[in-house]
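Participant: Predicted coordinates and the sequence they were generated for:
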Amino acid sequence: MDLRFTDTNSSDDTAGRAFGLDGNLYLPVVLTGVGGIGLFGILALVIRMPYAAAGPIAVLPCTLTLLWVLLLRRGKPAGYDRDKIEDLVAGGHFGPVAAQQLEAVA
């Protein structure tokens with residue numbers, strides 16, 4: 001009896017990990033970090049805004065992006081973030097206009 005060898009391409013099944021995040025999820029965090037540094041530079045150095053005001057404004061996009069990645073993307077299935085946001089906006093009802101559907105049922 002001969003053993004049969006086949007190629008499985010198992011390495012193509014994963015997107016990999018970087019900085020503890022699956023696939024390329026580190027990119028939005030890194031890019032908004034760089035953008036936040038640039039925004040801080042523009043606000044503080046060009047517009048002459050006080051550092052105490054420019055800092056929180058520049059950190060806000062970085063914080064929101066990090067929360068989005070950690071809470072809605074990491075370890076979740078594809079499309080989970082869009083479904084969760086739609087659920088929060090539409091109230092968890094099926095379809096684009098939930099209020100009309102509630103009126104039709106009642």
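Facilitator: Thanks, I have the structure now.
Participant: helix, strand or coil for Met49?
Facilitator: Secondary structure, DSSP: H, G, I helix; E, B strand; the rest coil: Met49 is coil.
Participant: Any stretches of the chain with poor pLDDT?
Facilitator: 1, 6-16, 19, 92-106 (pLDDT under 70).
Participant: what about the strands in it?
Facilitator: 17-18, 21-22 (DSSP state E).
Participant: Can you tell me the strand partners of the last one and which way each runs?
Facilitator: Taking DSSP bridges as the criterion, strand 21-22 pairs within the sheet with strand 17-18 (antiparallel).
Participant: so how far is the partner strand off the chain centroid?
Facilitator: Distance of strand 17-18 from the chain centroid (CA atoms, centre = their mean, to the nearest Å) equals 15 Å.
Participant: Turn the strands of the chain into TSV, including distance to Val89.
Facilitator: From N, CA and C alone the C-beta is placed, and that goes for glycine too. As requested, the strands of the chain are exported to TSV (distance: least, CB to CB, whole Å):
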stretch	distance to Val89
strand 17-18	31
strand 21-22	26
